[in-house]
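>>> below: sequence and its predicted model.
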Amino acid sequence: MNAAPLPIVVLISGRGSNLQAIIDAAQVDLPVVIRAVISNRPDALGLERGRRARIPVQVVDHKNFENRMGFDEALRAVIDGFNPGLVVLAGFMRILSPCFVSHYRGRLINIHPSLLPDFPGLNTHQRALEAGVSEHGASVHFVVDTVDEGPVIVQARVPVLTDDTEASLAERVLKQEHHIYPQAIRWFAEGRVELEGNVAMLDGKPALGRNAPKI
Ligand code: GRF
């Protein structure tokens with residue numbers, strides 16, 4: 001593949017370990033150029049990861065806006081200034097308006113720490129433990145209107161062990177996140193993944209179920 005690298009923008013709110021996995025992969029052979037790291041929180045630890053990798057970082061602080069629409073419009077203007085082919089949500093903790101989401105339809109992806117459609121929302125690891133499931137994991141999905149839902153591109157599954165705590169389970173899942181997020185971005189960059197209607201397609205076939213990496 002000798003095509004030009006795909007320009008991407010990564011949105012974060014916190015520690016940025018998924019951002020780091022993407023930065024690391026891009027420094028090896030992931031065919032993307034990270035044009036910017038954008039955070040809604042000025043104190044996000046991940047901003048430092050961006051700076052260290054000499055990626056432009058920018059803060060659009062949601063606290064400076066009276067409402068969601070105002071924030072979303074400002075965010076959209078900043079993102080579009082970098083002209084990305086793909087917008088990557090990596091621990092970005094703001095709900096985005098339908099207007100924002102439809103502007104980026106088919107080029108906005110998220111990673112969520114559960115096997116969607118199970119456990120959308122917060123505290124997924126604790127809820128998985130409480131539900132007594134034997135398997136848990138993470139999903140990369142295209143973002144559509146509903147929070148943490150949307151056509152799944154790839155999932156990683158991990159076993160839930162009898163002595164698991166929320167922390168041990170979270171750690172096992174996060175390790176897998178760091179594999180599947182760069183993987184999904186690679187597929188997108190190579191033109192192998194796209195959103196068709198409401199289905200994530202991989203190599204022309206519905207993605208879910210075919211490629212869930214097993215550990
Ligand atoms: C990850 O668990 C991700 O799935 C969720 O938020 C967390 C972000 O972690 N959306 P990090 O900031 O990438 O370390």
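Okay, I see it.
>>> from now on I want contacts and neighbour counts done on CA atoms only, so please keep to that.
Noted.
>>> biggest helix in this protein by residues?
For the chain, the helix reaching the highest residue count under DSSP state H is reported as helix 166-189.
>>> may I see the buried residues of that one?
Using 16 or more other Cα atoms under 10 Å as the test for burial, helix 166-189 gives 169-170, 172-189.
>>> please save the CA atoms from it in PDB.
Provided in PDB are the C-alpha atoms of helix 166-189 (Å, rounded to 0.1, in the frame of the first residue of the first chain):
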ATOM      1  CA  GLU A 166     -13.100  -4.100  38.500                       C
ATOM      2  CA  ALA A 167      -9.500  -3.000  38.200                       C
ATOM      3  CA  SER A 168      -8.200  -6.400  37.000                       C
ATOM      4  CA  LEU A 169     -10.900  -6.700  34.400                       C
ATOM      5  CA  ALA A 170     -10.500  -3.200  33.200                       C
ATOM      6  CA  GLU A 171      -6.700  -3.800  32.800                       C
ATOM      7  CA  ARG A 172      -7.300  -7.000  30.700                       C
ATOM      8  CA  VAL A 173      -9.800  -5.200  28.500                       C
ATOM      9  CA  LEU A 174      -7.700  -2.100  28.000                       C
ATOM     10  CA  LYS A 175      -4.800  -4.200  26.800                       C
ATOM     11  CA  GLN A 176      -7.100  -5.500  24.000                       C
ATOM     12  CA  GLU A 177      -8.300  -2.000  23.300                       C
ATOM     13  CA  HIS A 178      -4.800  -1.000  22.400                       C
ATOM     14  CA  HIS A 179      -4.700  -3.700  19.800                       C
ATOM     15  CA  ILE A 180      -8.100  -3.300  18.200                       C
ATOM     16  CA  TYR A 181      -8.200   0.400  17.900                       C
ATOM     17  CA  PRO A 182      -5.100   0.700  15.700                       C
ATOM     18  CA  GLN A 183      -6.400  -2.400  13.800                       C
ATOM     19  CA  ALA A 184      -9.800  -0.700  13.000                       C
ATOM     20  CA  ILE A 185      -8.100   2.500  12.000                       C
ATOM     21  CA  ARG A 186      -5.800   0.600   9.700                       C
ATOM     22  CA  TRP A 187      -8.700  -1.100   8.000                       C
ATOM     23  CA  PHE A 188     -10.400   2.300   7.600                       C
ATOM     24  CA  ALA A 189      -7.200   3.900   6.300                       C
END
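>>> mind giving me the packing neighbours of that helix?
Applying 3 or more Cα pairs under 8 Å, 6 or more residues apart in numbering; DSSP states H and E, one finds that helix 166-189 contacts helix 17-28, helix 124-131, strand 135-142, strand 152-159, strand 193-196.
>>> I79: which of these is closest?
helix 17-28 (16.2 Å; Cα to Cα).
>>> same for the closest one, what does it pack against?
strand 32-39, helix 46-52, helix 166-189.
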